[in-house]
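Participant: Structural data only, the sequence is not supplied:
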C-alpha cells in the first residue's frame, strides 16, 4: 500500500471512531516508532505502530497510563479511550497545548521554576511505582545500545568533523562513557525514559502534561532528567526531587550522549533540519 493511501486509511479509522471529519485530523510525522494523528491540538491523539515490534511497547504504554490515571501525580496524563483488539492502534484523550520545545523561549524565569517544581514532584512519585513486565535496562545494556546507535550514524559524524574531533567522539562512546557510567553505578527506578521538552505539554493556564510513555522501563533514574535542557527548569526539578551526590554527574554524562543517540533517527527520517541540529549539538559538546 502506498504511503498516502495508508495515511488516508488510518485517518478514516480515526474519523469513524471519533466522529471527527477527515480534514480536522492532522498527521504528525514526528513519532520515532508510530504514525500519529492529532485532533484539536492534542485534545485527541491516535497512534499506529510503524512495525509489529512496537505493539509490545503499546501494551506497556497503555498499562502505565491506567496506573498513573489512578493516582494523583500533579500532571496531565493521556487517558486511553480507544484500543484495537490486536493493538494495531490506540487513541487517547490528550492534553491540549504546545510542547515545551516549541514555546520554551516565550516563558518567564518564574514560569520555568514552576514547571521544574512540577516535574520534580512528578518524577519523585513515578520513580517509586511498579509496573508489571516493564523492560529492565542495566548499565551494560545501556552501553551496548549507545554504541550500536553510534555505529548507525558513524559515517556522517566522521564526515562532518575533523579527524581529531571524530576520534574524541569515538573515544567518548567506547571508552569514556562506559568507564564513567560503570563507575557511577546504577540507581534503578521505573522511568519515562524519553522525558524531554518534546514530550512535555504546556498550556497558557500553567498546566503541564506528559505524553509518550512508549519507552517506559526500569533504568537509572538520571535518564529522566537529561531531556530537561533548560538550566532553570533542570535546577528547579533537581532541588524539588532531592538529589544524591552522583545524580548531577550522571545527568551531565548522559546529556553529552543524547545528540549522538538522536542523530540516526533524523537520518532515517531524512530530516535535514533535525540532523543538522544534532550535529551542531555534538560539535558544541566536544
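Facilitator: Received the coordinates, thanks. Since we're looking at a predicted model, the values are computed, not measured.
Participant: Surely residue 27 forms part of a strand?
Facilitator: Yes. Checked against DSSP: H, G, I helix; E, B strand; the rest coil, residue 27 lies within a strand.
Participant: Give me the pLDDT value at it.
Facilitator: You'll see residue 27 listed with a pLDDT of 95.
Participant: I figured it hits residue 34, correct?
Facilitator: No. Residue 27 lies out of contact with residue 34 (C-beta atoms under 8 Å); the separation is 11.3 Å. The way it works is simple: take the backbone N, C-alpha and C, and place the C-beta from them, glycine included.
Participant: Neighbour count: the two, which is higher?
Facilitator: The neighbour comparison of residue 27 against residue 34 (other C-beta atoms under 10 Å) goes to residue 34, with 23 against 13.
Participant: dump the residue contacts of the more buried one.
Facilitator: By C-beta atoms under 8 Å, 6 or more residues apart in numbering, the residues touching residue 34 are 47-50, 54, 214.
Participant: go on, residue 212?
Facilitator: Counting by C-beta under 8 Å, 6+ apart, residue 212 touches 31, 61, 194, 199.
Participant: would you list every one of the helices in the chain?
Facilitator: With DSSP state H applied, the chain shows helices at 3-18, 54-69, 100-103, 109-126, 139-160, 163-171, 177-184, 231-241, 247-268, 272-285, listed in chain order.
Participant: any chance of those in a markdown table, plus mean neighbour count?
Facilitator: Shown next, in a markdown table, are the helices of the chain (neighbours: other C-beta atoms under 10 Å):
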| stretch | mean neighbour count |
| --- | --- |
| helix 3-18 | 14 |
| helix 54-69 | 18 |
| helix 100-103 | 17 |
| helix 109-126 | 19 |
| helix 139-160 | 16 |
| helix 163-171 | 14 |
| helix 177-184 | 16 |
| helix 231-241 | 19 |
| helix 247-268 | 18 |
| helix 272-285 | 15 |
